[in-house]
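> Structure for this input, please:
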Amino acid sequence: MSARLHSIAMLTASVLTAMAVGSPAAHADAEAGSTITQTAVLQGSTTASYFWDDSSGRAGDTGLPAAGKPMQKGLAASPSWPLMTEGYVIYKGKKLPFFVGDRGPGNPSNSGVMLDLDAKTFAELTGGRFNPDTLAVDGVGGAGHIKIDYVVTKWGGGVGKKNYPVAYSTGAWAEKDANPVLQTVSVKLPAN
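Have a look, this model is predicted:
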């Protein structure tokens, strides 16, 4: 590709990414159940698990999340996406935002578990209750994994794969990705 075509491609990708970041606000008053077309950086489905690392050392807690942000609702772990990647997950019509603040899940990602949601988000999506004593989600019959849809609206600026997630064991989380994927997707808005 010539330098000029590469520059045009990069400018186009930058403009589309900027539109994607602003697009949820542009559609804030869209009716539930309507379909909108927006530019997103990635859309897909995966199995999600949950965790809660508050640096207490309880229940398998491994310490503060990798991004240096305290554990909080909306913080997710990805085995390959860059830290501070943003988006939202959808489960049975419920839509909640997330940002990648940690790495993981480790070994479960080899079996297709590609997103580790914080326990409070997992509880809200499933109708369970976050238990601060056990750091678990109660009231979901022991379910620790759910099938979710995800939409990534903004890539984080650091190292990591800016494409469909891959297992932690690939080491993609430590490599700089210079060719991020960009998609135009139609999203049916769930009732809030």
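> for the protein, what spans make up the strands?
Here the chain has its strands, by DSSP state E, at 35-40, 42-51, 75-78, 86-91, 94-103, 113-118, 129-131, 136-138, 146-154, 183-188.
> Give me the below-cutoff pLDDT ranges for the chain.
Counting by pLDDT under 70, the chain contains low-confidence ranges at 1-39, 59-62, 184-192.
> could you redo the last one with a cut-off of 50?
1-29 (pLDDT under 50).
> For L125, which residues are in contact?
V89, Y91, K92, K94, L96, L117, I146, I148 (C-beta atoms under 8 Å, 6 or more residues apart in numbering). Bear in mind the C-beta positions are built from the backbone N, C-alpha and C, glycine included.
> Look at the second one and say how many residues are nearby.
I take that to be Y91. For Y91, the neighbour count with other C-beta atoms under 10 Å is 20.
> how close does it sit to H145?
Distance, Y91 to H145, by C-beta to C-beta, to the nearest Å: 11 Å.
> The first one too?
Note on V89: its distance to H145, by C-beta to C-beta, is 13 Å.
> okay, and the common contacts of these two?
By C-beta under 8 Å, 6+ apart, the residues touching both V89 and H145 are A48.
> Please say which of these two ends up with more neighbours.
More neighbours surround V89 than the other of V89 and H145, with 23 against 15 (other C-beta under 10 Å).
> List the contacts of that one.
Per C-beta under 8 Å, 6+ apart, neighbours of V89: A48, K95, L96, F98, L115, L117, T121, L125, I148, D149, Y150.
> how about 7 Å then?
A48, L96, F98, L117, I148, D149, Y150 (C-beta atoms under 7 Å, 6 or more residues apart in numbering).
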